[in-house]
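**Student:** Sequence and computational prediction follow.
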Amino acid sequence: MLEGALRLIHVTRTHYLVSLLLGAVFGIAAALFSSSQMLMLLPFVGFTNLQLGVFLIFLVVILSPFAEELAKILPPLFLKTQENLEINVVEWMQLGVASAFGFSLLENLSYFWLFVNAFGTHSAVWLLLLRFLLSTPMHLTATTIASYGVGNWDNYDEGEYFVFLVIAMIVHGLFNFGTIMLGF
Amino acid sequence: MSFKKMLTLLSVFLTWCAIGWISSTFILERSGLVILIPKFYKFRFVTILIGVVLLVLSATFFVISRFLKEEKRVSKYIRCKVCGRKVPFDMVICPYCFSDIKERKNELSDED
């Protein structure tokens, strides 16, 4: 029994696949969180002098990056706790990238569905391609930064590495801000 | 992962980003939604510029990675077959689970 309790498992290719799939699953959770926050906070826009545009910027630049970066880092953490994995910093980053890729795949497909309804199939296909070229690398970059911090915290127990999670959220937020600013 | 491989991977990633930035306005134009963006041609110039910078960076990393020699990694550790922990190569018994790791060493010497 003691041997079973102490046994640590090393990262295999299956874990990367599981991380990718879990990234998509946690992506749904993050999307639900963002949507629920929007629905919960939207009535307050009516009671205050807050403009709808400012509220949407708050949602897209602050709330969504916060939820999404946490969601993308959860699959490696889930694997570590449930599978008793021994993960070094580089493996943390690799699992994070796999998770971010799964997350991005699901996000792109859900946006594709939205674009089809809003602009038609022709435009939606081009916008899907654009998302794969611009949004997916951003997700991979942000999660690599975040998982570097969490990996260091996990391996060396140094809490100050959590600043990398904040940096990842800022990178994500800036990208979202740039994207919505294009519309103005 | 070796430094050479990391640089190659980084250059591939930067090429991906560069293609995205350079083609973004052309894709928007093809999608038929270009009317949403004012000062479109100035915007196109900026995105192409960013893309070219990324492409130059990517090419630099790729060239550097070609000049680097592949590191021959000699591990000072072997993995215990029973518990899976890293154990110094010169150990005879695993210090974690006390299993005999002599067999593993023999396998390694046979491979050599």
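**Tutor:** Arrived safely, thanks for sending.
**Student:** Contact partners for residue A:100?
**Tutor:** For residue A:100, the contacting residues are A:23, A:72, A:139-140, A:142-144, by C-beta atoms under 8 Å, 6 or more residues apart in numbering or on different chains. Just so you know, the C-beta spots here come from the backbone N, C-alpha and C atoms, and that holds for glycine as well.
**Student:** I'd like the residues you listed written out as CSV, with distance to residue B:22, secondary structure and neighbour count added.
**Tutor:** What follows is the contacts of residue A:100, written out as CSV (distance: C-beta to C-beta, whole Å; DSSP: H, G, I helix; E, B strand; the rest coil; neighbours: other C-beta atoms under 10 Å in any protein chain shown):
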residue, distance to residue B:22, secondary structure, neighbour count
A:23, 28, helix, 30
A:72, 27, helix, 32
A:139, 20, helix, 27
A:140, 19, helix, 22
A:142, 22, helix, 26
A:143, 24, helix, 32
A:144, 23, helix, 18
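**Student:** So which of those reach chain B?
**Tutor:** By C-beta under 8 Å from any C-beta of the partner chain, the members of the contacts of residue A:100 lying near chain B are residue A:140.
**Student:** Format the contacts of residue A:100 as a markdown table; extra columns: distance to residue B:86 and pLDDT.
**Tutor:** Formatted as a markdown table, the contacts of residue A:100 follow (distance: C-beta to C-beta, whole Å; pLDDT from 0 to 100):
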| residue | distance to residue B:86 | pLDDT |
| --- | --- | --- |
| A:23 | 28 | 90 |
| A:72 | 28 | 91 |
| A:139 | 32 | 93 |
| A:140 | 29 | 93 |
| A:142 | 31 | 94 |
| A:143 | 27 | 94 |
| A:144 | 25 | 93 |
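**Student:** Can you verify residue B:78 is assigned to a strand?
**Tutor:** Yes - assessed with DSSP: H, G, I helix; E, B strand; the rest coil, residue B:78 lies in a strand.
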